[in-house]
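Peer 1: I'll drop the sequence and a predicted model, then ask my questions.
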Amino acid sequence: MSQAVSIKVFGERNTATRAVIRMIDAADGVTGTGRPGVTGADLRPFREMAQTLEGITGAAWRKVYREAVRDLQDDVLGPVGAWKHAAPVYAPDFVTHGVAVLFTIRNPYSWALALHRRPYHQLGHRVEDFEGFLRQPWLSLGRDRVDKILGSPMDLWSLKLKAYLEFERQAAIGGTRFERLSFEDFVLDPAKSLGAALSALAGREVEVEELEGSTKKGGLDGAGRRHYYASEGWRDGLTASAVAHINARIDWAVAAQYGYAPLDPRDFPDVLEPA
C-alpha cells in the first residue's frame, strides 16, 4: 500500500475545519500532519506553564493566560505545525516533510453570521447585536498571525484569504500541492467534495465517509444543514446596513478568486422582521 499523504488544513473559524480534519483522520491514504520537527522536549515548557494556570482565580483570566501560552507554543511549531486558523506562511518545510495543503473557505456573509453565533477565541466583550458585532474591533490571537487589533471581525476573513492566495502563489513555485474546499460544497455533500479534494492532493482516489451528526453542540443535522445552505437561509439574518458594512471590509478582488461576489444592500431590509 502506498504511503499516506500528509494533509495540512488551513481555514478560518466556522469553515468546517473540525469536521474536515476528523474525516481526514478516518480516511485511508491520507493523514494529518501532526507537528513535524517538533519534539516533546520542545513542548514541555508550555505544558508546565499550562499546569500552573490552574491556580489562577477567575475563568476569564485563566482563558487569557491559556491563550497566551498557546501563542508562545505556536512560535516553536513552525510553518507546517501552525494553528489551523492561522494566516499561513509558505516555507520549504512543506516540501521537506511531504505535506500537501487544503484550504477551507466560506461565503463571507454566511461566515460573519456564524462567527457572531460562535465567536471562537474572542477575547473582547461579546456584542449580542450582529451589526454592533461587525463594528467592534477584534482582538486577535498571536497564532492568528495577523495584526493584534483588527478594525472588525470581518478583517479575519479578508486577511486570511489574502494569505491563502499568497501561499498558493509560492506553493505553485515551490512544488507543494494545494486544493480549496468551499464550505458550501462541503455542506451539500461532505464525502464527495472532500473526497475529490483529497484525491487531487494524493494523486490517487481517496474515499471518505461522512460524519454522523454535527461536530458542534446544538448544530443542525445533515438534512437541516443541506436545506439551510442550499436555500441560502442565512440571508434572512442580514440587513442592508450589515451587508454594506461587510462589503466595505472585503477585498473583492481577492474574494473573486474564490468565487465570491458582493451582495447589493438594496436587496435587504433596513430592519429584520421579529423572529
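Peer 2: Sure thing, it's come through.
Peer 1: ok, and the closest non-adjacent residue to V89?
Peer 2: With Cβ to Cβ, 6 or more residues apart in numbering as the measure, P79 is the residue that lies nearest to V89, at 5.2 Å, once sequence neighbours are left out. (Glycine included, C-beta is placed from N, CA and C.)
Peer 1: which SS class is the one you found?
Peer 2: coil (DSSP: H, G, I helix; E, B strand; the rest coil).
Peer 1: From L156, how far off is it?
Peer 2: 19 Å (Cβ to Cβ, to the nearest Å).
Peer 1: contacting residues for the residue nearest to V89?
Peer 2: Residues near P79 by Cβ atoms under 8 Å, 6 or more residues apart in numbering: P88, V89, Y90, A91, D93, F94.
Peer 1: Mark which of those are part of helices, please.
Peer 2: Residues of the contacts of P79 located in helices (DSSP state H): D93, F94.
Peer 1: Return the closest of the contacts of P79 with respect to R226.
Peer 2: Taking Cβ to Cβ as the measure, P88 is the one of the contacts of P79 closest to R226, at 29.5 Å.
Peer 1: From E131, how far off is the residue nearest to V89?
Peer 2: Distance from P79 to E131, by Cβ to Cβ: 37 Å.
Peer 1: Could you point out which of the contacts of P79 is nearest to H245?
Peer 2: For the contacts of P79, the nearest to H245 is P88 (26.9 Å; Cβ to Cβ).
Peer 1: count of residues packed around that closest one?
Peer 2: When neighbours are counted by other Cβ atoms under 10 Å, P88 registers 26.
Peer 1: my read: it touches G78, true?
Peer 2: No - contact criterion Cβ atoms under 8 Å: P88 and G78 do not qualify, at 11.4 Å.
Peer 1: so the nearest residue to D236 once chain neighbours are set aside, which of the three states?
Peer 2: Spatial nearest neighbour of D236, chain neighbours left out: L272 (7.7 Å); criterion: Cβ to Cβ, 6+ apart. What three-state DSSP gives for L272 is coil.
Peer 1: Local confidence estimate at L272?
Peer 2: The model reports L272 with a pLDDT of 93.
Peer 1: mind checking how far it is from L238?
Peer 2: Taking Cβ to Cβ, one finds L272 at 8 Å from L238.
Peer 1: repeat for T57
Peer 2: 41 Å.
Peer 1: next one: G29
Peer 2: Where L238 is concerned, G29 sits at a distance of 41 Å (Cβ to Cβ).
Peer 1: Looking at those two, which is more packed in?
Peer 2: Taking other Cβ under 10 Å, G29 and L238 do not tie; L238 has more neighbours (22 against 18).
Peer 1: Any idea what I7 is bridged to?
Peer 2: G32, A100 (DSSP bridges).
Peer 1: quick one, strands of the stretch 151-275 of the chain?
Peer 2: 178-182 (DSSP state E, counting those that start in this stretch).
Peer 1: pLDDT below threshold where in it?
Peer 2: Applying pLDDT under 70 to the stretch 151-275 of the chain flags residues 213-221, 275.
Peer 1: tally of neighbours for the residue nearest to D236?
Peer 2: L272: 13 neighbours (other Cβ under 10 Å).
Peer 1: Contact partners for it?
Peer 2: Going by Cβ under 8 Å, 6+ apart, the list of residues near L272 reads D236, G237, T239.
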